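*Asks:* What follows is a predicted structure for the sequence shown.
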Amino acid sequence: MTVSMGFYKVIKQWVIDSETGNITFQPFQADGNPYKSNVFLVGASPEVNLEIAMNNLKLYVDSLVDGKLFQETFTQELQGASREYKGSLNFVSWMKERYNENVVLTNVNCLSTENAQMLKQMKKQEHPLYKRGLQIFEEVLNEFAPEIVILQGSSAYKAFIEHFGDRLIDFVSTNDTVQQLEQKGVLAKFPLKNGKNINIIVSRSMSYFGKEGNSFGKFKATINRILQ
């Protein structure tokens, strides 16, 4: 997919720190037009720290909507990718094969940092970049307006509830584990600025998905019910 000039401008203001002019955020990762995607798979924060020079901005923007280009461009960075990230790609492939659906990967906080500890420290400091990372996530949801947001793993679920839980519709706070929440189907609705309400569902980390998600039966049934 070639990014149009209008879409390029949208993504550009998501990836750049307005104070320094550096590429600092990873707003999403897709393989195709995210405006046509119904399902967003959400982690806590970008796990792969991508160091990108400004002269590669156009390449970076293009790679965010081109899975093959993303893999080729960041081969070295992705070599150490976690089981969760690899499992996420398995889920993306399964959704493409089963529903012809291009799943978009994103995170509750889109700030790219060297490690999770650094992100925690910036949260504690109430750092402007940490706050902007949360804002970008919300802007991404409002821009693309998917049908389903999947919060994978306890870290993503807890972060989402902490920052956006007070705006959920039909949500009942619970101490259930993500395994238990996965069995409940649609957990709540999240309202967008255009009046649409997104279905929020929770799953275990995709590191457990494998190739076909054999242990994710109820989870897959929930997705099927919404998309059919």
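*Replies:* Now that the structure is in, tell me what you want to look at.
*Asks:* Report the separation between the residue located most distally from the centre of the chain and Ile23.
*Replies:* The centre of the chain is farthest from one residue, Asn55, which by Cα atoms, centre = their mean lies 25.4 Å away. Separation of Asn55 from Ile23 (Cβ to Cβ, to the nearest Å): 10 Å. (C-beta placed from N, C-alpha, C; glycine too.)
*Asks:* Kindly report the same for Phe137.
*Replies:* As judged by Cβ to Cβ, Phe137 and Ile23 stand 17 Å apart.
*Asks:* okay, the two: which has more neighbours?
*Replies:* It is Phe137, of Phe137 and Ile23, that has more neighbours when counted by other Cβ atoms under 10 Å, with 27 against 20.
*Asks:* Isn't the more buried one up against Thr106?
*Replies:* Yes. In this structure, Phe137 is within contact of Thr106 by Cβ atoms under 8 Å, at 6.4 Å.
*Asks:* which residues do the two both contact?
*Replies:* 27, 42 (Cβ atoms under 8 Å, 6 or more residues apart in numbering).
*Asks:* Tell me the first helix or strand C-terminal of the lowest-mean-pLDDT helix or strand in the chain.
*Replies:* None of the helices or strands of the chain scores lower by mean pLDDT, DSSP states H and E than helix 75-78, at a mean of 84. Heading C-terminal from helix 75-78, the first helix or strand you meet, by DSSP states H and E, is helix 83-99.
*Asks:* residues making contact with that following helix?
*Replies:* Contact partners of helix 83-99, identified using Cβ under 8 Å, 6+ apart, comprise 31, 39, 41, 43, 47-48, 67, 78, 101-103, 105, 152-153, 205-213, 223, 227.
*Asks:* Could you tell me which of the residues you listed belong to helices?
*Replies:* Secondary structure from DSSP state H places 67, 78, 153, 223, 227 of those in helices.
*Asks:* quick one: contacts for the first one?
*Replies:* Translated: Gly67. Contact analysis of Gly67 by Cβ under 8 Å, 6+ apart lists 29-31, 92.
*Asks:* for the chain, which spans come out with low pLDDT?
*Replies:* Scanning the chain for pLDDT under 70 picks out 1.
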